[in-house]
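Asker: Just a sequence and a predicted model for now, questions to come.
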Protein chains: 2
Amino acid sequence: MTVKSSNITAVPHRVEREERWRANGHKGGVLWFTGLSGSGKTTLAFELEQKLFAKGYQVYVLDGDNVRHGLSGDLGFSPEDRIENIRRIGEVAALFAEAGYLVISAFISPYRDDRRLARQATDEGFHEVYLSANLATCEGRDAKGLYAKAHAGEIPDFTGVSAPYEAPEQADLEIDTGKLSVDESMALLHDYVAKAFHLSGDG
Amino acid sequence: MTVKSSNITAVPHRVEREERWRANGHKGGVLWFTGLSGSGKTTLAFELEQKLFAKGYQVYVLDGDNVRHGLSGDLGFSPEDRIENIRRIGEVAALFAEAGYLVISAFISPYRDDRRLARQATDEGFHEVYLSANLATCEGRDAKGLYAKAHAGEIPDFTGVSAPYEAPEQADLEIDTGKLSVDESMALLHDYVAKAFHLSGDG
């Protein structure tokens, strides 16, 4: 993407990222969930938010509910609109990370290129978390009835049915949410966060 | 704007806004600065960020430097691109406010309609701050040489020169940054924040 903006003078932020980290007691960064519809992204995102908040983290979930109706309210579900949606989420997640937050992004984000762009937007502290429940498992759950609608042709370009899902080649964390329970998955996530967002030098 | 998104199931956030406020010791919300180029938006935004951070606030500045190169990197400076830029910033500010932040938006944002949309995006806690240094004063400063370029025709659609600025009809706070010093302006901002973001019931 070409940056068209010009006539902008860069002014440094007066509050440095590391100052924010120290004030919050943890690093900022992005936990980027990816996986099929039904793989547990939203459930685990909110469970994790709840648990980390209770432990004093600054944590926030970006998901379809708060992004699709606002920031991406002008976008539909065509391939190009989905790419732009994920691009914007990657940029917003980067802003939250810069502000000191641990932000959890809970979107299918099926394309490797899009996830790579999101990683680039956050220069440091981007963690790709692959919830790897397979298609058969996700279709079997179909809690929202979306797979049935997709097979009936009522939802075009549905990931796993009529649009591809490109699994991560080297996720920072993979959780087989087809086999592990929510509690087991949460334990893995919590251990990962405790290490990845730990402030060095604070014991 | 029509919301095209569909097939989205609303899932409530597990952490309520008021819980975040209590954890942070202040309300979340948006301080939306508006004013001409040279009216002091960026200077005051960073001064205020610095001061509030030192007092323990969760505070973050959205400005051209961190938005125009990322989230709005696909947009230029045409009238429609500016409108879309301000729309996105309004939505991102609303996300930060929901996450418990006091977010300061430092953009000219010359149109009333755009600022009204931004206010609507944040359902509560949106504060319009008009930095009302007049055009002659701002042109006289011209620290970045932008007015000179605009008059020379090198920058099209420059607010105040070749594009209109619609002053707020009823700003929540107006500061005449043409007459007041940075310190005087900061005192007004600080008093406003202390009241507007004060958690009721915390003494």
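Answerer: That came through fine. Residues are numbered from 1 along each chain as shown, chains lettered A, B, ... in the order given.
Asker: which helices and strands sit right next to the helix or strand of chain A with the lowest mean pLDDT?
Answerer: Every helix and strand of chain A was ranked by mean pLDDT, DSSP states H and E. The lowest is helix A:64-67, at a mean of 90. Using 3 or more C-beta pairs under 8 Å, 6 or more residues apart in numbering or on different chains; DSSP states H and E, the elements in contact with helix A:64-67 are helix A:79-98, helix B:79-98. Where you see a C-beta, it was placed from the backbone N, CA and C, and this is true even at glycine.
Asker: How far off centre is it?
Answerer: Put simply, helix A:64-67 sits 12 Å off its chain's centre (C-alpha atoms, centre = their mean, to the nearest Å).
Asker: now do stretch A:48-58
Answerer: Centre to centre, stretch against its chain (C-alpha atoms, centre = their mean), the figure for stretch A:48-58 is 16 Å.
Asker: and the helices and strands packed on helix A:64-67 as JSON lines, adding distance to residue B:37, mean pLDDT and mean neighbour count?
Answerer: JSON lines is the format used below for the helices and strands packed on helix A:64-67 (distance: least, C-beta to C-beta, whole Å; pLDDT from 0 to 100; neighbours: other C-beta atoms under 10 Å in any protein chain shown):
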{"stretch": "helix A:79-98", "distance to residue B:37": "23", "mean pLDDT": "95", "mean neighbour count": "21"}
{"stretch": "helix B:79-98", "distance to residue B:37": "13", "mean pLDDT": "95", "mean neighbour count": "21"}
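Asker: Save those helices as TSV, and put in distance to residue B:123 too.
Answerer: As requested, the helices and strands packed on helix A:64-67 are exported to TSV (distance: least, C-beta to C-beta, whole Å):
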stretch	distance to residue B:123
helix A:79-98	18
helix B:79-98	8
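Asker: Against residue A:64, how distant is the residue nearest to the spatial centre of chain A?
Answerer: Nearest to the mean C-alpha position of chain A, by C-alpha atoms, centre = their mean, lies residue A:105 at 2.3 Å. Per C-beta to C-beta, to the nearest Å, residue A:105 is found 11 Å from residue A:64.
Asker: How about residue A:119?
Answerer: On the measure of C-beta to C-beta, residue A:119 and residue A:64 end up 21 Å apart.
Asker: same question, residue A:187
Answerer: Applying C-beta to C-beta to residue A:187 and residue A:64 gives a distance of 26 Å.
Asker: do the same with residue A:113
Answerer: According to C-beta to C-beta, residue A:113 stands 21 Å off from residue A:64.
Asker: more neighbours, the two?
Answerer: Neighbour comparison, residue A:113 and residue A:64: the larger count goes to residue A:64, with 21 against 10 (by other C-beta atoms under 10 Å in any protein chain shown).
Asker: Go ahead and confirm that one touches residue A:108.
Answerer: No - here residue A:64 does not reach residue A:108: they are 9.4 Å apart, not a contact under C-beta atoms under 8 Å.
Asker: Need the three-state assignment for the closest residue to residue A:164 other than its chain neighbours.
Answerer: In space, and not counting its chain neighbours, residue A:164 is closest to residue A:110: 6.4 Å by C-beta to C-beta, 6 or more residues apart in numbering or on different chains. Put simply, residue A:110 is coil when judged by DSSP: H, G, I helix; E, B strand; the rest coil.
Asker: Would you agree residue A:110 is in contact with residue A:159?
Answerer: Yes - with contact defined as C-beta under 8 Å, residue A:110 counts as touching residue A:159 (4.8 Å).
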